[in-house]
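A.B. asks: predicted model, plus sequence, below.
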Amino acid sequence: MAGASFDSTWENGASVTPALLVLEVRNRKNPERPPMGFFLVERIERIRAADRYATADETINIIYREISDDGYPRDPARGEFRGSYHAHVNTVSITAGSLTGGMVVIDPPSLHGHGLGTYLMNEVVRWAKRWPNATVNTINLLEGQGHGENRERRNRFYEQFGLEFEYTSAERKAGISLPMLAKDLILVDRWKQNISEHNLMEFLASTLYRKKVAESDLVQRTKAVAELIAEQRRVRRKPLRWALLQHANTIFWTGVVIVVGAIVWMKLNS
């Protein structure tokens, strides 16, 4: 029986990432800081018959959605990375579901440079390497796609997977990838510095447990506050009695000390 999409599986003796999981993204330069966001990621693989119009035989879509942590429904940051394999020309695309077009975009912009795109593209590259002798479809870098630091980040993003480009200028504003085979693509693990994969069921169980603990703690704190308020009201009604009750033990032992001291003094002077 096939496992659920959120179950981890094994293939050829190796663990296979479940089709549905949660990513925890932290700041790349300061991973010890609180998470920048949590994302639900779904991997969808399809097989279909090829035709003369370059329809892919197999495709992969990796869809992500940001999980809101503020308790309010809102339009989440979202995106999708695609790949495709075309048997009739033995070609893989790692940026699109076809042999034409395709680009990768990370939303929200605040996550640029923190490895989310690298993680998602790495999964597409891992999938594409199933066809080691397939040609990698050409990637065109357009001048308007990046500026300044973002342009260099874009170039490094693709180059880290083994892609080489023929740039049109020294500024590397635009270029086209050189021919290569899928087996020469490079898998990267830099994302592991600040990104963690969480099994969906374990993540939900942990979240529900923390919710239960927080609710229990809230009940105890609410009870303690109620008792404190009741005590303050008693103080206001009978402050002298409250003071005596609060210090009754001290008053008792002080009295005992005085009496004993008096007895001792009387015996010493009798």
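C.D. replies: Yep, it's here. Numbers count the residues shown, from 1 in each chain.

A.B. asks: which intervals of the stretch 51-200 of the chain have sub-threshold pLDDT?
C.D. replies: Across the stretch 51-200 of the chain, the ranges flagged by pLDDT under 70 are 51-56, 71-75, 101-103, 107-108, 146.

A.B. asks: helices of that one, residue ranges please.
C.D. replies: Using DSSP state H, counting those that start in this stretch, the helices of the stretch 51-200 of the chain run over 116-128, 149-159, 200-237.

A.B. asks: and of these, who's closest to L21?
C.D. replies: helix 200-237 (5.7 Å; CB to CB). Glycine gets a C-beta too; all of them are placed from N, C-alpha and C.

A.B. asks: could you pull up phi and psi at the residue nearest to R126 when sequence neighbours are not counted?
C.D. replies: Beyond its immediate neighbours in the sequence, the residue positioned closest to R126 (CB to CB, 6 or more residues apart in numbering) is L187, lying 5.9 Å away. For L187, the backbone dihedrals are phi -80, psi 140 (criterion: degrees, to the nearest 10).

A.B. asks: got a list of what L187 touches?
C.D. replies: With contacts taken as CB atoms under 8 Å, 6 or more residues apart in numbering, L187 has the following neighbours: 122, 125-126, 129, 161.

A.B. asks: deepest-packed of the helices of the stretch 51-200 of the chain, please.
C.D. replies: Compared across the helices of the stretch 51-200 of the chain, helix 116-128 shows the largest average neighbour count, a mean of 21 (mean count of other CB atoms under 10 Å).

A.B. asks: packing partners for it?
C.D. replies: For helix 116-128, the elements it packs on are strand 20-25, strand 37-47, strand 58-67, strand 78-86, helix 149-159, judged by 3 or more CB pairs under 8 Å, 6 or more residues apart in numbering; DSSP states H and E.

A.B. asks: so can I have TSV of the helices of the stretch 51-200 of the chain showing distance to P109?
C.D. replies: Listed next are those as TSV, based on distance: least, CB to CB, whole Å:
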stretch	distance to P109
helix 116-128	11
helix 149-159	9
helix 200-237	26
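
A.B. asks: which one, of those, ends up nearest to T135?
C.D. replies: For the helices of the stretch 51-200 of the chain, proximity to T135 was assessed by CB to CB; helix 116-128 is nearest, at 10.8 Å.

A.B. asks: which residues does L40 contact?
C.D. replies: Taking CB under 8 Å, 6+ apart as the criterion, L40 is in contact with 20-22, 64-65, 67, 200.

A.B. asks: and it, how far from R65?
C.D. replies: In this structure, L40 and R65 are separated by 5 Å, where distance is defined by CB to CB, to the nearest Å.
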